[in-house]
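A.B. asks: Build the 3D model from these lines:
(one chain, ligands or ions: 1)
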Amino acid sequence: MNFTKEEVLFALRQVNDPDLKKDIVTLNMVENLTLADDSLEFTLVLTTPACPMKDELKTSCEDAIHRHISENVKVIVNFDSRVTSRRKDAKEILPGVKNIVCVAAGKGGVGKSTVAVNLAISLAKNGNKVGLIDADIYGPSIPVMLGLKGRRPEVREINGKPVIIPIEQYGVKTLSVGMLVDEKQAVVWRGPMVSSMLRQFFTDCLWGELDYLVLDLPPGTGDIHLTLVQTLPVTGAIIVTTPQEVALADVRKAIGMFRMANINVPVIGIVENMAYFTPRELPENKYYIFGKGGGQKIASEYDIPLLGQIPIVQSIREGGDNGNPVVMGDDVVTAEAFKQFADNSERYIAIRNATIEATRPLETVT
Ligand code: ADP
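C.D. replies: As a prediction, the model looks like this:
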């Protein structure tokens with residue numbers, strides 16, 4: 001062997017992660033480097049197992065080694081992944097949670113809860129540890145969508161304190177206000193009672209280690225949103241919209257709220273729900289019932305990514321009503337649309353973590 005680890009690392013420093021715009025050694029993405037006579041092997045630790053740059057990165061590493069060391073070295077690249085986090089707070093709240101992601105919408109009925117549920121499951125299918133909180137306090141629909149209607153979470157005494165244990169379903173740990181109180185009761189609650197129940201979800205529940213905790217927020221902009229950013233170091237928000245012009249006005253309000261100086265939560269991107277209709281018997285055809293390009297228009301206007309386009313299909317509605325989310329069923333085309341959305345969300349969360357300062361919960365808002 002006539003090359004050293006330092007020489008290999010020098011070569012790999014010439015390779016930049018295309019998303020994060022820094023070299024892979026500085027980003028601590030190179031691990032387990034071992035050298036043999038005429039070969040070398042290392043693990044490239046990606047920020048998401050579904051990284052779309054995988055092949056490109058591998059080729060760039062091989063090229064760099066061949067250019068800086070020798071054409072004849074055999075390069076073996078293994079892959080692993082580790083979800084990043086930018087939490088800098090003292091981690092008093094949700095200490096094991098790397099990323100807290102809000103799913104929000106400008107108004108009700110655009111499919112926000114449907115998107116939150118299928119996103120959470122798709123993230124779990126990608127190999128992540130995922131939690132899902134139904135914070136849509138006035139219309140908690142997640143118990144029904146996950147087939148957990150009527151289920152109550154277990155409460156265990158831990159260190160002399162009662163702790164709520166989230167229910168696990170389809171690989172996702174979940175809790176909803178709908179599991180703790182009667183739905184009809186929740187609607188008449190006053191704001192402060194609602195806020196204090198939500199706080200308990202973060203302080204008195206056993207979430208353990210999670211890569212992503214997805215929060216299904218109530219529609220619109222209001223007190224609950226303020227409570228959340230006051231309580232939690234939110235990584236970012238994903239905004240759900242439908243394509244038509246009237247929906248877009250509400251989306252602008254929602255984006256405006258997250259960007260307000262005293263809230264300041266990064267918007268990770270937009271997802272367009274009910275983007276088009278495709279008849280099962282004509283899978284190549286797309287009909288833009290609610291108009292075309294609304295999601296892209298908003299994304300361009302605010303310079304944020306369009307993370308996905310979800311079709312309007314019967315299997316999504318049926319899956320929601322039957323407690324069997326579409327990504328668990330046999331409609332592979334729709335499941336793929338959700339997977340692409342989840343993969344993009346992971347990618348842009350990683351970019352956010354690499355490029356923006358950590359979000360701190362607000363000190364006080366009066
Ligand atoms: P929101 O949380 O925005 O109020 P929901 O997720 O509860 O909306 O969805 C409202 C209704 O629309 C539900 O019956 C749901 O199954 C249905 N739905 C949502 N998205 C789609 C879609 N892409 N295709 C078909 N039905 C959908």
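A.B. asks: quick one: average confidence on the helix or strand harbouring D63?
C.D. replies: Following DSSP states H and E, the helix or strand that holds D63 is helix 54-68. What helix 54-68 shows for mean pLDDT is 95.
A.B. asks: Tell me which residues of it come out buried.
C.D. replies: Under the neighbour-count criterion of 16 or more other Cβ atoms under 10 Å, helix 54-68 has 54, 57-58, 60-62, 64-65, 68 buried. Where you see a C-beta, it was placed from the backbone N, CA and C, and this is true even at glycine.
A.B. asks: so which of those would you say is closest to the ligand?
C.D. replies: K54 (29.2 Å; Cβ to the nearest ligand atom).
A.B. asks: correct me, but the closest one touches T47?
C.D. replies: No - judged on Cβ atoms under 8 Å, K54 makes no contact with T47 at a distance of 11.3 Å.
A.B. asks: For R151, which residues are in contact?
C.D. replies: 143, 167, 179 (Cβ atoms under 8 Å, 6 or more residues apart in numbering).
A.B. asks: Kindly state the beta-bridge partners for the second one.
C.D. replies: I take that to be I167. T174 (DSSP bridges).
A.B. asks: Now do the same contact list for it.
C.D. replies: 148, 151, 153, 173-175, 179.
A.B. asks: Can I get stretch 199-217 as CSV, trimmed to CA atoms?
C.D. replies: Provided in CSV are the C-alpha atoms of stretch 199-217 (Å, rounded to 0.1, in the frame of the first residue of the first chain):
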residue,chain,number,x,y,z
ARG,A,199,-48.2,21.1,26.6
GLN,A,200,-48.7,17.8,28.4
PHE,A,201,-48.2,16.0,25.1
PHE,A,202,-44.6,17.3,25.1
THR,A,203,-43.8,17.2,28.8
ASP,A,204,-45.6,14.2,30.2
CYS,A,205,-45.4,11.6,27.4
LEU,A,206,-42.8,8.9,26.7
TRP,A,207,-41.7,9.6,23.2
GLY,A,208,-38.2,8.3,23.5
GLU,A,209,-35.8,8.7,20.6
LEU,A,210,-37.3,10.0,17.4
ASP,A,211,-35.8,11.2,14.1
TYR,A,212,-39.0,13.1,13.3
LEU,A,213,-42.0,14.2,15.4
VAL,A,214,-44.7,15.2,13.0
LEU,A,215,-47.4,17.7,14.4
ASP,A,216,-50.7,17.9,12.7
LEU,A,217,-51.7,21.6,13.5
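A.B. asks: tell me which residues in it are buried?
C.D. replies: 199, 201-202, 205, 207, 210-217.
A.B. asks: List just the nearest of those to L40.
C.D. replies: Nearest to L40 out of these is D211 (Cβ to Cβ; 30.1 Å).
A.B. asks: Assign the closest one to helix, strand or coil.
C.D. replies: strand (DSSP: H, G, I helix; E, B strand; the rest coil).
A.B. asks: Verify the stated contact: it with L123.
C.D. replies: Yes - if you go by Cβ under 8 Å, D211 and L123 touch, sitting 7.5 Å apart.
A.B. asks: Could you look up the next helix or strand downstream of the helix holding D63?
C.D. replies: For helix 54-68, the following helix or strand on the C-terminal side (DSSP H and E) is strand 74-81.
A.B. asks: What pairs with that next one, parallel or antiparallel?
C.D. replies: Going by DSSP bridges, the partners of strand 74-81 are strand 39-46 (parallel).
A.B. asks: Out of the contacts of R151, which is nearest to the ligand?
C.D. replies: Using Cβ to the nearest ligand atom, these come closest to the ligand at P143, 12.1 Å.
A.B. asks: element containing the closest one, please.
C.D. replies: Following DSSP H and E, one finds P143 within helix 142-145.
A.B. asks: Mind telling me what element P18 is part of?
C.D. replies: Per DSSP H and E: nothing holds P18, as it lies in no helix or strand.
A.B. asks: picking that back up, mind listing the shared neighbours of D211 and L123?
C.D. replies: Common neighbours of D211 and L123 (Cβ under 8 Å, 6+ apart) are V130.
A.B. asks: Once you drop chain neighbours, what's closest to V155?
C.D. replies: Computed as Cβ to Cβ, 6 or more residues apart in numbering, the closest residue to V155 that is not its neighbour in sequence is P162, at 5.1 Å.
A.B. asks: Just confirm that neighbour is within a strand.
C.D. replies: Yes - membership of P162 in a strand is supported by three-state DSSP.
A.B. asks: thought it was touching R156?
C.D. replies: Yes - P162 is within contact range of R156, at 7.4 Å (criterion: Cβ under 8 Å).
A.B. asks: any weak-confidence spans in the chain?
C.D. replies: Along the chain, segments meeting pLDDT under 70 span 1, 89-90, 182-191, 357-366.
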